[in-house]
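Colleague: Show me how the following folds:
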Amino acid sequence: MSCSRRDVCGLILSSGSLLVLSAACGGSKSLSGPTTFPPTEAGTLRLPLADYPALLEPGGWVRGIPPDRMAPVIVIHLGGSEYVVLAAACTHFGCGVIYEAGSSCLECPCHGSEFALDGGVLRGPAELPLAQYVVAVEADAVAIAIG
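Modeller: Now for the predicted structure:
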């Protein structure tokens, strides 16, 4: 099998584009806290607050993926005992959404979609909401039912 110069150039350009997209869509600057969560147990993700100190402060958040799951989630401490947990991948292109303390929305750094804290779309190009998960606050942890 032979490759033409055009094939090789196309492969190089495609690879470079993927590298740029991956850096723009979820680089370390947009992450807060660890990126790997503990495994789920019986469909529940349990995040000990001692291991995720960002969740102790109102406005604190973490985004990660349990090793036995494919999709990331974002956990946000709204204040008091109120937490919200949403799917962390933008429904437009799959980039990781971010949250800024005190904000009333999550933002996709790739194309500017914005989502309400209930997952609803505030601004496109995304058209579908982020999935919301049931969360229970325990004495020393946040427990998330992710099925």
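Colleague: Touching, His111 and Phe93? I think so.
Modeller: Yes - at 6.3 Å, His111 counts as touching Phe93 under the criterion of Cβ atoms under 8 Å. Placement of C-beta: from N, CA and C, glycine included.
Colleague: what sits against the residue nearest the centre of the chain?
Modeller: Closest to where the C-alpha atoms of the chain average out (Cα atoms, centre = their mean) is Ala88, at 2.6 Å. Applying Cβ atoms under 8 Å, 6 or more residues apart in numbering to Ala88 gives the contacts 63, 71-74, 96-97, 130.
Colleague: List only buried entries from these.
Modeller: In these, burial by neighbour count holds for 63, 72-74, 96-97, 130, counting by 16 or more other Cβ atoms under 10 Å.
Colleague: Identify, from those residues, the entry nearest to Ile146.
Modeller: Val73 (6.8 Å; Cβ to Cβ).
Colleague: Contacts only, for that closest one.
Modeller: 37, 45, 63-65, 85-88, 133, 144, 146.
Colleague: Could you list everything it pairs with in the sheet?
Modeller: Gly64, Ala87 (DSSP bridges).
Colleague: hmm, back to that, from the contacts of Val73, which single one is nearest Ser104?
Modeller: Nearest to Ser104 among the contacts of Val73, with distances taken as Cβ to Cβ, is Leu86, at 13.5 Å.
Colleague: dump the residue contacts of Gly59.
Modeller: 76-77, 79, 101-102.
Colleague: how does it look with 6 Å?
Modeller: Applying Cβ atoms under 6 Å, 6 or more residues apart in numbering to Gly59 gives the contacts 101-102.
Colleague: separation between it and Arg69?
Modeller: Counting by Cβ to Cβ, to the nearest Å, the separation of Gly59 from Arg69 is 25 Å.
Colleague: right, and the secondary structure at Leu55 would be what?
Modeller: State at Leu55, reduced to three classes by DSSP: H, G, I helix; E, B strand; the rest coil: helix.
Colleague: ok, how many other residues are close to it?
Modeller: Residues near Leu55, counting by other Cβ atoms under 10 Å, number 23.
Colleague: what's across from the residue nearest to it when sequence neighbours are not counted in the sheet?
Modeller: Distances taken as Cβ to Cβ, 6 or more residues apart in numbering place His77 nearest to Leu55, at 5.0 Å, with adjacent residues excluded. Assessed by DSSP bridges, His77 has beta-bridge partners Tyr83.
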